[in-house]
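Visitor: give me the fold of what follows.
(2 chains)
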Amino acid sequence: MKARPSDHREQERIEAAASEWLVRRGDAAQAVESNDEFYAWLEADPRHGEAYDALALVLEDVGQLRDLAALPDQQPHLKRRGLLMAAGCAAAAALLAIAVMGPAPGLEYATATGQTRAVTLADGSIVTLSAGSAIKVRMTGAGRRVELERGEAFFDVAHDAAHPFYVDAGVAQVRVLGTKFDVHRAASGVRVSVQQGRVEVRDARALTLTSPAISVLHASEATEVQTRPAYVAIAAAPLPVEQVAAAAPGAWREGRLTYDDVRLADVASDINRYYAPGVELTSPETADIRVTAAFRVNEIPAFLDALAATLPVTVTRNPNGGYRLAATQRRP
Amino acid sequence: VAREAKAPRDGALARLYEAHWGELIRYVRRTFGLGPPEPEDVVQAAFTHFAALAQPQLVENPRAFLYRAARNFVIDQRRRALVRARAVSRGELGDFSDRPDELTAERVLDGKDRLRILDETVRAMPQRLRDALILHRIEDLSYVEIARRLGVSQTSAKRLVAEALLACARALRAANRED
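Guide: The predicted structure is shown next:
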């Protein structure tokens, strides 16, 4: 096709209309009322759809440029925190982060072993703390931030588009775009599962914020940010998203603990948040045994007593109720 | 929709799924809403279409192909429904997404180059355009909120975002021509 000047002008007109449509379609309220008009426009000329797609691709890619989040005055936090987390080991970074945040007092909430607690935040969001867990809450004009220092918490976030809600959990950072989800922080990694709405999870160590190590989770989806490796490649793969049962995120609030093919070490660390006498693993091999199990928190001793029947472990119970698990020797 | 086709046939298709499934769902939701047809079905249909091509390796830009196939699928579904209602058959309802222009080679910027150019373009934009675009796409704010923060009307907020997108598209086109 030859490019005449009129073609060029025509193309500009089409592109301008396409960008206007793309913007209007992104506004749910307007999208419905203009439906017929939009389809008519799309079908009037094949170039219309092409131009629309080209701009949609641009819009999608702009979303990848996380570095830009730091440009407007309104949102300096995401980038600063991300860089800090990448700067060193998690502990050092946590200290630095506190230093940078300054003396602005954050409210702290914690639960003891075996205790759970629901906290209503100033914005109406409800955070349910699992046993042996701690959060720090900071509400500012720019946004709402909760740091999950240890353990697990279920978040029911009040909608407020003007004040984004972030959960920082060491190697993982969650940006909340809608409502109910669970964050579980353990030594091996941070697991995020969504019951309702959607959240965005990123590896807090990803240096370039254009890194694709970001996943958007919808209802009944979960992902995990592993503690190891301790760095994230620039071209890191997106976090793997897996499906979970609709009732699974936050099921611990009804006293149910469920595990699908996880390390015994992770189960033990949860049990230790609920069961004061505790459980101890005697070796790295024991820690690495894979477990699929479901039990109630008030049945922990019974669960441990029965473990030898299903896993290659020896179970010893001491007089004060504490348990020791040891992998049984297996021939290669 | 052939769900079983979701099991990728080969590594290339698996990589396409991995890379583009999420963004296609976003694209379809934004453009056509929650359906019917449901966004998941639309995106599945787009991948099925791609997988069924005799020579998928000839598709220069699979990502753009998938966007187009998804869009065509929705329009096709809608047309069929409308045509049924009007009882008019113009005999041109065949699988019109098989139009030959789908396979035309277009020059495609490498993904990294694309992001680099976009990044530079956004940084170089007038502040108001940039702020509007960032608040919309990166901060995910509603137009009500963008308008409030920028101290303009909602209509103006949308216009700013649209302008910013046009600037990005122009920059990419210019870069494509330079290659």
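
Visitor: quick one: low-confidence ranges for the chain?
Guide: The chain I'm using is chain A. Across chain A, residues meeting the criterion (pLDDT under 70) sit at A:1-5, A:28-33, A:67-106, A:141-142, A:177-178, A:205-213, A:228-238, A:330-332.

Visitor: my question was about chain B, not that one.
Guide: Using pLDDT under 70, chain B drops low at B:1-10, B:35, B:82-109, B:178-179.

Visitor: could you pull out the helices for it?
Guide: With DSSP state H as the criterion, chain B has helices at B:11-32, B:39-52, B:62-86, B:111-124, B:127-133, B:143-150, B:154-178.

Visitor: what of the stretch 151-300 of chain A?
Guide: Under the criterion DSSP state H, counting those that start in this stretch, the stretch 151-300 of chain A contains helices at A:264-274, A:284-288, A:300-305.

Visitor: okay, buried residues for the last one please.
Guide: Of the residues in helix A:300-305, those buried by neighbour count under the rule 16 or more other CB atoms under 10 Å in any protein chain shown are A:300, A:303, A:304. For glycine as for every other residue, the C-beta is placed from the backbone atoms N, C-alpha and C.

Visitor: in TSV: those residues, plus distance to chain B.
Guide: Shown next, in TSV, are the buried residues of helix A:300-305 (distance: CB to the nearest CB, whole Å):
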residue	distance to chain B
A:300	38
A:303	36
A:304	39
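
Visitor: sorry, back to before: tell me which of the helices of the stretch 151-300 of chain A sits most buried.
Guide: Across the helices of the stretch 151-300 of chain A, averaging neighbours per residue (mean count of other CB atoms under 10 Å in any protein chain shown) puts helix A:264-274 on top, at a mean of 21.

Visitor: name the helices or strands packed onto that helix?
Guide: The contact analysis (3 or more CB pairs under 8 Å, 6 or more residues apart in numbering or on different chains; DSSP states H and E) places helix A:264-274 against strand A:144-156, strand A:256-263, strand A:279-281, helix A:284-288, strand A:290-296, helix A:300-305.

Visitor: pull the CA atoms of it into PDB?
Guide: Only the C-alpha atoms of helix A:264-274 are listed here, as PDB (Å, rounded to 0.1, in the frame of the first residue of the first chain):
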ATOM      1  CA  LEU A 264       7.700 -30.900  56.700                       C
ATOM      2  CA  ALA A 265       9.700 -27.900  58.000                       C
ATOM      3  CA  ASP A 266       7.000 -25.500  56.900                       C
ATOM      4  CA  VAL A 267       4.300 -27.600  58.600                       C
ATOM      5  CA  ALA A 268       6.500 -27.800  61.800                       C
ATOM      6  CA  SER A 269       6.900 -24.000  61.800                       C
ATOM      7  CA  ASP A 270       3.100 -23.600  61.600                       C
ATOM      8  CA  ILE A 271       2.600 -26.100  64.400                       C
ATOM      9  CA  ASN A 272       5.000 -24.300  66.500                       C
ATOM     10  CA  ARG A 273       2.900 -21.200  66.200                       C
ATOM     11  CA  TYR A 274      -0.100 -23.100  67.600                       C
END
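
Visitor: that one vs strand A:144-156, what angle?
Guide: With axes from the mean of the first three to the mean of the last three CA atoms, to 10 degrees defining the directions, helix A:264-274 sits at 90 degrees from strand A:144-156.

Visitor: identify the residues contacting helix A:264-274?
Guide: A:113-114, A:130-133, A:151-152, A:186-188, A:257, A:259, A:278-281, A:286-291, A:293, A:297, A:300, A:304, A:311, A:313, A:325 (CB atoms under 8 Å, 6 or more residues apart in numbering or on different chains).

Visitor: and if we set it to 6 Å?
Guide: Helix A:264-274 is contacted by residues A:114, A:131-132, A:151, A:186, A:188, A:259, A:278-279, A:281, A:287, A:289, A:291, A:297, A:300 when judged by CB atoms under 6 Å, 6 or more residues apart in numbering or on different chains.

Visitor: for stretch A:180-199, same thing?
Guide: Stretch A:180-199 is contacted from outside by A:148, A:152-156, A:167, A:169, A:171-172, A:174, A:176-179, A:201, A:216-219, A:221-227, A:244, A:249-250, A:266, A:269, using CB under 6 Å, 6+ apart.

Visitor: please pick the buried ones from those.
Guide: A:148, A:152-156, A:167, A:169, A:171-172, A:174, A:176-177, A:179, A:201, A:216-217, A:219, A:221-225, A:227, A:244, A:249-250, A:266, A:269.

Visitor: centroid-nearest residue for chain B?
Guide: Nearest residue to the geometric centre of chain B (CA atoms, centre = their mean): residue B:67, 4.3 Å.

Visitor: drop anything exposed from the contacts of helix A:264-274.
Guide: Taking 16+ other CB under 10 Å as the criterion, what is buried in the contacts of helix A:264-274 is A:131-132, A:151, A:186, A:188, A:259, A:278-279, A:281, A:287, A:289, A:291, A:297, A:300.

Visitor: now, which of those residues sits nearest chain B?
Guide: Nearest to chain B among those: residue A:188, at 23.7 Å, using CB to the nearest CB.

Visitor: how much space separates the closest one from residue B:118?
Guide: As defined by CB to CB, to the nearest Å, residue A:188 lies at a distance of 36 Å from residue B:118.

Visitor: mind checking how far stretch A:191-208 is from the chain centre?
Guide: With CA atoms, centre = their mean, to the nearest Å as the basis, stretch A:191-208 stands 3 Å off its chain's centre.

Visitor: ugh, wrong one, I meant stretch A:239-256
Guide: Distance, centroid of stretch A:239-256 to centroid of chain: 12 Å (CA atoms, centre = their mean).

Visitor: check stretch B:162-176 too.
Guide: With CA atoms, centre = their mean, you get 15 Å for stretch B:162-176.

Visitor: CA atoms only: put that stretch into PDB for me.
Guide: Extracted in PDB, the C-alpha atoms of stretch B:162-176 (Å, rounded to 0.1, in the frame of the first residue of the first chain):
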ATOM      1  CA  ALA B 162      -5.300   9.000  25.800                       C
ATOM      2  CA  GLU B 163      -2.700  11.700  24.700                       C
ATOM      3  CA  ALA B 164       0.000   9.900  26.700                       C
ATOM      4  CA  LEU B 165      -0.800   6.600  25.000                       C
ATOM      5  CA  LEU B 166      -0.700   8.200  21.600                       C
ATOM      6  CA  ALA B 167       2.700   9.700  22.400                       C
ATOM      7  CA  CYS B 168       4.000   6.200  23.300                       C
ATOM      8  CA  ALA B 169       2.500   4.700  20.100                       C
ATOM      9  CA  ARG B 170       4.100   7.300  18.000                       C
ATOM     10  CA  ALA B 171       7.500   6.800  19.600                       C
ATOM     11  CA  LEU B 172       7.300   3.000  19.000                       C
ATOM     12  CA  ARG B 173       6.400   3.600  15.400                       C
ATOM     13  CA  ALA B 174       9.300   6.000  14.900                       C
ATOM     14  CA  ALA B 175      11.600   3.400  16.400                       C
ATOM     15  CA  ASN B 176      10.300   0.700  14.100                       C
END
